[in-house]
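Colleague: Provided below for reference: sequence and predicted model.
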Amino acid sequence: MSCNDPEITLRVPPYDSDRPAIEQLIKEGLSDEQIANKLGFTKALIRCRRERWKLKSGLFYRAEKRKEDIIQLWKSGYLVKEIARILGISVQTVYTVMDENKIWDSVRLDIDAPAVPISKLSEQNAPTDRLTVVTHNRVPKWVLIPVEDYQDLKNGVYDDLRN
């Protein structure tokens, strides 16, 4: 029998009645070891209970929070090095999270337009009928605007025509 077998009666704490408190600590991002130290149990016992209760580890919640923070900073226009410095993590970690979650192509600076790297701009035809963001080293540098939209923008009627 394994320690997470539901047929086994819990004879040592933490008991099922302790589950909400342990769930809360896990959602705060604490590891099994940190929870064990805080509550006075062994790391193995906390891991057993977490597996028995089918709870994710604190690492999962920390990773989700980190991903959300990276997305928010990226959308706000921060560079990868700035994101790493702000969050206190390595540049490589930021790149890994962005690659794994396909964050590179997310809307930045509230400009909802396809992004085209400047190196590929000559190889492919830029869309002539819609707004296009041109990037350099994955950082938005320029926006291509169709002539009709530019004229509307210049005349101050762009928003009126689009609403």
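Modeller: Happy to help now that I have it. Numbering: from 1, shown residues only.
Colleague: name the helices or strands packed onto the host helix or strand of residue 35?
Modeller: Using DSSP states H and E, residue 35 sits within helix 32-39. Judged by 3 or more CB pairs under 8 Å, 6 or more residues apart in numbering; DSSP states H and E, helix 32-39 is in contact with helix 19-27, helix 43-52, helix 58-75. Backbone N, C-alpha and C define where each C-beta goes, glycine included.
Colleague: Now with 7 Å, please.
Modeller: helix 19-27, helix 43-52 (3 or more CB pairs under 7 Å, 6 or more residues apart in numbering; DSSP states H and E).
Colleague: In JSON lines: those helices, plus mean pLDDT.
Modeller: Formatted as JSON lines, those follow (pLDDT from 0 to 100):
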{"stretch": "helix 19-27", "mean pLDDT": "90"}
{"stretch": "helix 43-52", "mean pLDDT": "89"}
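Colleague: Columns mean neighbour count on top of those, output as JSON lines?
Modeller: JSON lines is the format used below for the helices and strands packed on helix 32-39 (neighbours: other CB atoms under 10 Å):
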{"stretch": "helix 19-27", "mean neighbour count": "15"}
{"stretch": "helix 43-52", "mean neighbour count": "18"}
